[in-house]
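Student: Fold the following, please.
(chains A, B, C and D)
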Number of protein chains: 2
Amino acid sequence: MPKEHLEARRRQILDAARRCFVRNGFHATSMQDVLTEAELSAGAVYRYFKSKDDIIAAIASEALAEVAAAFGADAAAPPPDLDDVVDLVLGVERPPLSRSRESAQLLVQVWAEALRSPSLSARLKEVMAEARGVIGGLVARHQERGRLPAGVPPEHVADVLTALVDGFLVRRAVFGDADPVAFRNGIRALMSVPASR
Amino acid sequence: MPKEHLEARRRQILDAARRCFVRNGFHATSMQDVLTEAELSAGAVYRYFKSKDDIIAAIASEALAEVAAAFGADAAAPPPDLDDVVDLVLGVERPPLSRSRESAQLLVQVWAEALRSPSLSARLKEVMAEARGVIGGLVARHQERGRLPAGVPPEHVADVLTALVDGFLVRRAVFGDADPVAFRNGIRALMSVPASR
DNA sequence: TTGTCAAGGGCGAATGTTCGTTCTACGTTG
DNA sequence: CAACGTAGAACGAACATTCGCCCTTGACAA
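Tutor: Down below sits the predicted model:
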């Protein structure tokens, strides 16, 4: 019985912390903010997390896992066109749309935090390298089929595509209403590929 | 006589604060950190800035001005090829190279801070809109000359190009050694344009 | 030249606040 | 009644900011 309740409390705290962090950033939100948002007392929260940094690490870790999962989907079901990579990663038709902006905002905070946390920076680089590998594989296959110039290292092209995703996330975080479809059309135009839908 | 010394002290404080902020972020940096870095006392610093937020605002404002200037250069001297936009904005051959990573790191912090500061967010949107306007103009001209499909709104393509820049900045902030030339080659490959150099 | 004085700039200890964290006592539940 | 969770007061540390004092400087009078 304690097992599931323990996990539920943990989630309750993490969800509350996530909302606070999205709203105010990691260091501008106080423990008091988190306690209030979670509707718990200090004693309760510190039973599940040993410090504020612990909570930050957990939240950041989940945010990066979300990104890794998004790119992993590309590896699982390779899209026929390269520009669909963006759609897939950005989850054009993915469940909680309300969460997508918050995820983008949180990710920007994670980038900033990674600049001062070596362990978080290491994990971020891991995820980025993983994305480069996955997308690089897709690029290489397109090169084999002659759909892309062969002389360029696939990783370079993959870097551009993942940078495209990161750049879009910035816009979504800042504006909130950035349109993935319009973005994809912009990419299509740049790639001089006639839109197929 | 006080006039120039006043400005010099202000710069001294801002430069010190910038170093601190790049290293530790806005909110994880204490006033004590800034005082130590600037080699000044609290009383001295508070003679030139009325609060920590005041210093943050000044630093963020300068960072965004730097970005605006980079895009402004494109408007002043339009590059012949669209992919050169990235080179120009990222300043492939611009003076203090040591500063470029720090600028990228600072900009990421600014993005994060903009998520919780309405005034900073407004300024950031201004700069982004300005970039969209400048690059959109270039895109429209390329469309007129038939170098890009005409059916797509220039702003959409401009969004993609500026997102490309933002995405590259993230990589430069995180890795520090992101290579603009390799990046440009990746873009060229995606655009299926034979490299001219 | 020398002495005086007003003002500006700087210092750093002091202040009150807020932070993250701990601890003890209390309720609830099996 | 034990065992477990929870509450909330309490704590020391660290924070941003202020305040009163001191040193330097430049103008001016003697």
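
Student: Point me to the residue sitting closest to the centre of chain A.
Tutor: The residue lying closest to the centre of chain A (CA atoms, centre = their mean) is A:Val67, at 3.5 Å.

Student: Just give the closest residue to it, not the sequence neighbours.
Tutor: A:Val127 (5.6 Å; CB to CB, 6 or more residues apart in numbering or on different chains). Heads up, the C-betas are built off the backbone N, CA and C, glycines and all.

Student: Am I right that the one you found is in contact with A:Ser61?
Tutor: No: if you go by CB atoms under 8 Å, A:Val127 and A:Ser61 don't touch, sitting 10.3 Å apart.

Student: Between the two, which has more neighbouring residues?
Tutor: A:Val127 (17 against 14; other CB atoms under 10 Å in any protein chain shown).

Student: how far away is the more buried one from DNA strand D?
Tutor: A:Val127 is 30 Å from DNA strand D, where distance means CB to the nearest atom of the strand, to the nearest Å.

Student: same thing with A:Ala131?
Tutor: 35 Å.

Student: Just the element for that residue, please.
Tutor: Following DSSP states H and E, one finds A:Ala131 within helix A:118-144.

Student: how about the helices in chain A?
Tutor: A:2-24, A:31-38, A:42-48, A:52-76, A:84-90, A:97-114, A:118-144, A:154-175, A:180-190 (DSSP state H).

Student: Now tabulate the ones you listed in JSON lines and tack on mean pLDDT and distance to DNA strand C.
Tutor: Shown next, in JSON lines, are these (pLDDT from 0 to 100; distance: least, CB to the nearest atom of the strand, whole Å):
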{"stretch": "helix A:2-24", "mean pLDDT": "87", "distance to DNA strand C": "9"}
{"stretch": "helix A:31-38", "mean pLDDT": "96", "distance to DNA strand C": "3"}
{"stretch": "helix A:42-48", "mean pLDDT": "94", "distance to DNA strand C": "4"}
{"stretch": "helix A:52-76", "mean pLDDT": "93", "distance to DNA strand C": "3"}
{"stretch": "helix A:84-90", "mean pLDDT": "76", "distance to DNA strand C": "32"}
{"stretch": "helix A:97-114", "mean pLDDT": "91", "distance to DNA strand C": "14"}
{"stretch": "helix A:118-144", "mean pLDDT": "95", "distance to DNA strand C": "16"}
{"stretch": "helix A:154-175", "mean pLDDT": "96", "distance to DNA strand C": "23"}
{"stretch": "helix A:180-190", "mean pLDDT": "91", "distance to DNA strand C": "35"}
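
Student: Could you say which of those is packed most deeply?
Tutor: Ranked by mean neighbour count, these are led by helix A:154-175 with a mean of 24 (mean count of other CB atoms under 10 Å in any protein chain shown).

Student: With adjacent residues omitted, what lies nearest to A:Ser103?
Tutor: Spatially, and ignoring its direct neighbours in sequence, A:Ser103 is nearest to A:Glu66 (6.2 Å; CB to CB, 6+ apart).
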